[in-house]
Structures are given as structure tokens and as C-alpha cells.
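In: Compute the structure for the input listed below.
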Amino acid sequence: MEKPVYHATLKKMQESGVSPQYAHGWATGVLDNTPLEEQRVTEAYTAGYEDGQNAVLDGYASWIEN
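Out: Residues are numbered from 1 along each chain as shown. Here you go, the predicted model:
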């Protein structure tokens with residue numbers, strides 16, 4: 001993924017109030033980094049990680065916290 005797309009997507013997520021765990025998981029997945037240890041993983045992190053691995057740019061909408 002190109003840097004401008006990566007940064008713009010993270011900015012959109014943060015501005016929309018997405019779960020920090022989702023954003024962390026997405027960034028980890030899109031950069032193909034090693035996931036967190038099992039005891040630290042949340043449902044939001046896992047969803048973000050999977051979306052990041054698959055380069056899904058709009059999956060965060062269901063993880064917006066109000």
C-alpha cells in the first residue's frame with residue numbers, strides 16, 4: 001500500500017472516532033507486522049488486523065465509537 005493512502009486512511013479512522021484497537025490492528029496488518037500476543041488481542045484488533053491484511057480501507061465504519 002502506498003504511504004499517502006496508508007496515512008490518509010489512518011487519519012480518516014482517527015477523525016471518525018474509530019476504536020483505537022481496530023486502528024492498531026489495521027496498521028499492523030497492512031504493514032504485515034507480527035500480530036499482538038494472544039492474551040492482548042481484542043475483537044476490534046482482530047477485525048482491524050484482518051482488514052489490514054486484505055487492504056480493506058472502509059471496514060472501520062462498524063468500529064466507530066461514539
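In: measure residue 58 to residue 10 for me?
Out: Note on residue 58: its distance to residue 10, by C-beta to C-beta, to the nearest Å, is 13 Å. Placement of C-beta: from N, CA and C, glycine included.
In: For those two, indicate the residue with more neighbours.
Out: residue 10 (16 against 10; other C-beta atoms under 10 Å).
In: Look up which helix or strand the more buried one falls in, please.
Out: helix 3-16 (DSSP states H and E).
In: next SSE after that helix?
Out: The helix or strand immediately downstream of helix 3-16 is helix 20-30, counting by DSSP H and E.
In: Is residue 60 in a helix, a strand, or coil?
Out: helix (DSSP: H, G, I helix; E, B strand; the rest coil).
In: quick one: it and residue 20 touch, right?
Out: No. In this structure, residue 60 is not within contact of residue 20 by C-beta atoms under 8 Å, at 11.3 Å.
In: quick one, which of these two is more surrounded?
Out: Neighbour comparison, residue 60 and residue 20: the larger count goes to residue 60, with 24 against 15 (by other C-beta under 10 Å).
In: who's in contact with the helix or strand containing residue 49?
Out: In this structure, residue 49 is located in helix 43-53 according to DSSP H and E. The contact list for helix 43-53 (C-beta atoms under 8 Å, 6 or more residues apart in numbering) reads 19, 21-32, 35-36, 56, 59-60, 62-63.
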